[in-house]
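Undergrad: from the sequence below, what's the structure:
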Amino acid sequence: MNKLSKEYLAECKNALNMEQTHSLSITDNWAHVNRELVHQDWDILYKKLAGYVDETAVDNESVQALMQEHFEIACRFYTPSKEAYIGMGIFYKENDDMKKFHNSYHPEMVNYLGDAIVHYAGSHL
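TA: Modelled structure (predicted):
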């Protein structure tokens, strides 16, 4: 994420906020989402992703296949724009609870995941 300008990162954070706020307002706070299943699926995904953190570049095909799964899980809530998806990675890093949660899978997970999200978004969104 450190390759992106501060202005663009701010735009991404704003996009996430605006898109999530809108989605929450039109879906009764994401009433349509099976949160238990989402958390189970993310748990499985993060356990797989943790195995790549130490030795595999985020542009690796297997890592990006996992990021496709990550994006698809996120889309159960709403389909984020490229900027909002990148904003999600920023949120994971800046929110203490989210950072602690993600780093419980691997001490560098939140940074790795953020970089993997940026690569995925740049290549697919």
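
Undergrad: what about the longest helix anywhere in the chain, distance to the chain center?
TA: Within the chain, and with DSSP state H defining each element, the longest helix by residue count is helix 6-26. Centre-to-centre, helix 6-26 and its host chain are 13 Å apart (CA atoms, centre = their mean, to the nearest Å).

Undergrad: same deal with stretch 60-76?
TA: Remark: stretch 60-76 is offset 9 Å from the chain centroid, using CA atoms, centre = their mean.

Undergrad: check which residues of the longest helix of the chain are buried.
TA: Under the neighbour-count criterion of 16 or more other CB atoms under 10 Å, helix 6-26 has 9, 11, 12, 13, 15, 16, 19, 20, 23 buried. In this view, the C-beta of every residue, glycine as well, is placed from N, C-alpha and C.

Undergrad: over to stretch 102-109?
TA: Buried residues in stretch 102-109, counted by 16+ other CB under 10 Å: 102, 103, 105, 106, 109.

Undergrad: do the same with stretch 34-46
TA: In stretch 34-46, counting by 16+ other CB under 10 Å, buried: 41, 42, 45, 46.

Undergrad: where does this structure dip in pLDDT?
TA: Scanning the chain for pLDDT under 70 picks out 1-2.

Undergrad: how about the helices in it?
TA: In the chain, the helices defined using DSSP H lie at 6-26, 35-50, 61-74, 82-94, 96-103, 109-124.

Undergrad: what comes into contact with the second one?
TA: When contacts are defined by CB atoms under 8 Å, 6 or more residues apart in numbering, helix 35-50 is touched by residues 63, 66, 69-70, 73, 76-77, 102, 105-106, 109, 112-113, 116.

Undergrad: same thing but 7 Å
TA: Residues from elsewhere that reach helix 35-50 (CB atoms under 7 Å, 6 or more residues apart in numbering): 66, 69, 70, 73, 76, 105, 106, 109, 113.
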